[in-house]
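1. Give me a model of this one.
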Amino acid sequence: MTALLLSLFLAGPPPASNPTPDLARARRLLDAAEVKARAIREIKLVMPMNQLKRNLKARLTQTEALKQIYQEVIALGDPASTVEAMVGVADLYDTFAQALLNTEPPQGLSAEARDVYANALEQQVGPLRERALRAYQAALQLCLSKAVRSDLRPLIEAKISALSRAY
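-> Got it, this is the predicted structure:
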């Protein structure tokens, strides 16, 4: 069940079951992931267009690298670390969606063009929010199915509620 849930939002093979996960390694990876996640959140999506494109590319590249770290944590097989990694992935999608929504439209657009721009952003944000929602749901399902005691559970439930209302 967990492997199926994870495959909903992570590319690559499902994690193997590991009866003795390396918890110290998982913690080191998660700590490194948090540093990378903070750096990604600092990449602002701002105009002018050439800077926006450059920052989008940087953000996407770093996001893919960070997802690899989270996949490595998940592969270690510790349920609590897996929940934390899944929440990290969900947060990547959620914060990227929010960053897109906060992007200022190009200068000089008419009111109609601004509406078109806003609609185009919403179309890009929808799938990102859906991925975030699925990742949070998978993390919650893991908490429930494995009886994982996680201080992230209230956050997960709040994020699921907020993202569900967004639809």
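2. For the strand or helix carrying residue 142, buried residues please.
-> Residue 142 is located in helix 111-145, with elements delineated by DSSP states H and E. Neighbour-count burial for helix 111-145, with 16 or more other Cβ atoms under 10 Å as criterion, is recorded at 121, 125, 128-143. C-beta here means a position set from N, CA and C on the backbone, and glycine is covered the same way.
3. can you check stretch 57-70 too?
-> Those would be 59, 62, 63, 66, 67, 69, 70, for stretch 57-70 by 16+ other Cβ under 10 Å.
4. Reformat the residues you listed as CSV; add distance to residue 42.
-> Output for the buried residues of stretch 57-70, formatted as CSV (distance: Cβ to Cβ, whole Å):
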residue, distance to residue 42
59, 10
62, 10
63, 13
66, 13
67, 18
69, 17
70, 19
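5. Out of those residues, which comes closest to residue 151?
-> residue 70 (18.3 Å; Cβ to Cβ).
6. show me what contacts the nearest residue to the closest one once chain neighbours are set aside?
-> Once flanking residues are discounted, residue 70 sits nearest to residue 85: 4.1 Å by Cβ to Cβ, 6 or more residues apart in numbering. Listed by Cβ atoms under 8 Å, 6 or more residues apart in numbering, the contact set of residue 85 reads 30, 33, 70, 71, 73, 74.
7. What is the neighbour count of the second one?
-> So the one you mean is residue 33. Using other Cβ atoms under 10 Å, residue 33 is surrounded by 23 other residues.
8. check which helix or strand covers it.
-> Element membership for residue 33 (DSSP H and E) is helix 23-41.
9. how about low-confidence regions in this protein?
-> 1-19, 167 (pLDDT under 70).
10. Could you rerun that using 90?
-> Scanning the chain for pLDDT under 90 picks out 1-21, 47, 49, 103-107, 145-150, 165-167.
11. And the residue of it most remote from its centre, how far from residue 100?
-> The outermost residue of the chain, judged against the average C-alpha position, is residue 110 (33.3 Å), by Cα atoms, centre = their mean. Noted for residue 110: a distance of 21 Å to residue 100, by Cβ to Cβ, to the nearest Å.
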